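Student: pasting the structure only:
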């Protein structure tokens, strides 16, 4: 038993960490893409590219088809992480910088935990909710301290994105225990593919030469890494190391993301942004302590 206890969480953590590192590039890459590409086209195209890759993976490894009883859960995962989060963040990033949007990711572990309660039957203690609400209030205070014209639409979209993403994470992790981590994201992409491919074709930019190589590179990143490869590690990590424990790794994502936004996009990161991010992280760490 000791042996099993020793290596299981570590592999879960390592997979989770790889997933988080890959996801950290998602918002900066989405920001680069939406400066030139329509957010709807971006959402449909990234899901189509990832869906085609998922079909290939399933075919190569001859993965068994999901049971009929698992289709509803796959639909929930697809609506949360294949459609909802990418589209809502793309729309938000037309309005706010990726550095600004990244602060909202501090709420993702909380959103995941809330859906862990709703969908997974977990019952955290009162102190958990005290910390989590404080973290949410910090983020809200930060959002409201900005010029309102910029914030309200972008921030509302980011909050909605975090909510649907938390649902997609919790549902996907629950399903990964029976279906397998990489199969969950692959099947979610595959069931979305017919709709996404048609929608991508309809929203195709008029002249394909118009967007810059940077925009296409960003689309490539969010398609293959954010939509597929990152989830393979993430769901495997959550299934192996536990949703609550490995979910904590999301707390590192705002820091990785802000570093990327500063280096790649030369976006300014003010002390207030860092302070709020740190505050949110402390709150979520506290809430995790009382999760079980």
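Tutor: Perfect, I can see it now. Here the structure is a predicted model, which means the values were calculated and not measured. Numbering: from 1, shown residues only.
Student: use CA for all of it now, contacts and neighbours both
Tutor: Noted.
Student: helices or strands up against the strand or helix carrying residue 237?
Tutor: In this structure, residue 237 sits in helix 230-241 according to DSSP states H and E. With contacts taken as 3 or more CA pairs under 8 Å, 6 or more residues apart in numbering; DSSP states H and E, helix 230-241 sits against helix 2-24, helix 148-179, helix 181-202, helix 243-247.
Student: with mean neighbour count added, can I get the ones you listed in a markdown table?
Tutor: Below are the helices and strands packed on helix 230-241 laid out as a markdown table (neighbours: other CA atoms under 10 Å):
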| stretch | mean neighbour count |
| --- | --- |
| helix 2-24 | 18 |
| helix 148-179 | 21 |
| helix 181-202 | 21 |
| helix 243-247 | 22 |
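Student: helices of the stretch 1-150 of the chain, start to end?
Tutor: With DSSP state H, counting those that start in this stretch as the criterion, the stretch 1-150 of the chain has helices at 2-24, 26-34, 39-61, 71-77, 85-92, 98-102, 108-120, 126-144, 148-179.
Student: for the spatially most central residue of the chain, give me the pLDDT.
Tutor: Centroid-nearest residue in the chain: residue 165, 5.6 Å away (criterion: CA atoms, centre = their mean). In this model, residue 165 is scored at 95, pLDDT.
Student: and what of the one 4 residues further on?
Tutor: If you check residue 169, the pLDDT there is 92.
Student: in contact with it, which residues?
Tutor: Neighbour list for residue 169: 77, 81, 112, 235 [criterion: CA atoms under 8 Å, 6 or more residues apart in numbering].
Student: among those, find the lowest-pLDDT one for me.
Tutor: Among the contacts of residue 169, residue 112 carries the lowest pLDDT, at 83.
Student: picking that back up, the helix holding residue 237: how far from the chain's middle?
Tutor: With CA atoms, centre = their mean, to the nearest Å as the basis, helix 230-241 stands 12 Å off its chain's centre.
Student: what's the angle from that helix to helix 26-34?
Tutor: Going by axes from the mean of the first three to the mean of the last three CA atoms, to 10 degrees, helix 230-241 is angled at 160 degrees with respect to helix 26-34.
Student: contacts for helix 230-241, please.
Tutor: Contacts for helix 230-241 (CA under 8 Å, 6+ apart): 8-20, 22-23, 169, 172-174, 176-177, 180-182, 184-185, 244-247.
Student: after the helix or strand of the chain with the lowest mean pLDDT comes which helix or strand?
Tutor: Counting by mean pLDDT, DSSP states H and E, the chain has its least confident helix or strand at helix 243-247, which shows a mean of 73. As assigned by DSSP H and E, the chain's next helix or strand after helix 243-247 is helix 253-264.
Student: show me what that following helix is packed against.
Tutor: helix 2-24, helix 26-34, helix 98-102.
Student: which outside residues touch the helix or strand following that helix?
Tutor: Elements were assigned by DSSP H and E; along the chain past helix 253-264, the next helix or strand is helix 271-289. Helix 271-289 is contacted from outside by 100, 103, 106-107, 109-110, 127-132, 134-136, 138-139, 142, 244-245, 248, 251, 254, using CA under 8 Å, 6+ apart.
Student: quick check: mean pLDDT of helix 271-289?
Tutor: 82.
Student: again, but for stretch 183-194
Tutor: The average pLDDT within stretch 183-194 is 97.
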